[in-house]
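Trainee: pasting the sequence and the predicted coordinates here, then a few questions.
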Amino acid sequence: MKVAIPVIDDSLRIAKNAGHTPFFAIFNIGGGMFKTITLEELRANPKMAGHEVDEEEHSGKHVCEHDADDMEHIKSHDLMSEAIKDCEYLVIKSACKNTANSMKEFGIKMKKYNGEKTNAKEALGEISGKL
């Protein structure tokens, strides 16, 4: 099973807001008695191409102020979903309603991570049994 987690860089530090992450860490979780978690790649988030990422600016609760009529903004979320459409899950700290709606349209399930781990692989190890 493929799982995407929004990360800041190749250190695999989890991004606080899925919609503003520069990268997605793509993991493969192998089945069996002992699950294996393998990092396959880092994928750029096309929604953020050409944008600076300021983690502090997007910490805390994020409220998306865009409404259903803002098609350009909604399409930008679809770019993000398209980039990870081969993943079954997107594990997040937080995401706006447009991210959630877009992932749903692409058949990607979202799983909120509330734990203390900051490393994506460690966090995935903690919750992989719940996916």
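Mentor: Sure thing, it's come through. Numbers count the residues shown, from 1 in each chain.

Trainee: quick check: next helix or strand after the helix or strand of the chain with the lowest mean pLDDT?
Mentor: Counting by mean pLDDT, DSSP states H and E, the weakest-scoring helix or strand in the chain turns out to be helix 71-83, with a mean of 83. Next helix or strand after helix 71-83 toward the C-terminus (DSSP states H and E): strand 89-92.

Trainee: please name every helix or strand in contact with the least confident helix or strand of the chain.
Mentor: helix 97-105 (3 or more CB pairs under 8 Å, 6 or more residues apart in numbering; DSSP states H and E). C-beta here means a position set from N, CA and C on the backbone, and glycine is covered the same way.

Trainee: got the angle for the helix it packs on vs helix 71-83?
Mentor: Following axes from the mean of the first three to the mean of the last three CA atoms, to 10 degrees, one obtains 50 degrees for the angle between helix 97-105 and helix 71-83.

Trainee: show me what counts as buried in the helix or strand following helix 97-105.
Mentor: For helix 97-105, the following helix or strand on the C-terminal side (DSSP H and E) is strand 109-112. Residues of strand 109-112 classed as buried: residue 111 (neighbour count, 16 or more other CB atoms under 10 Å).
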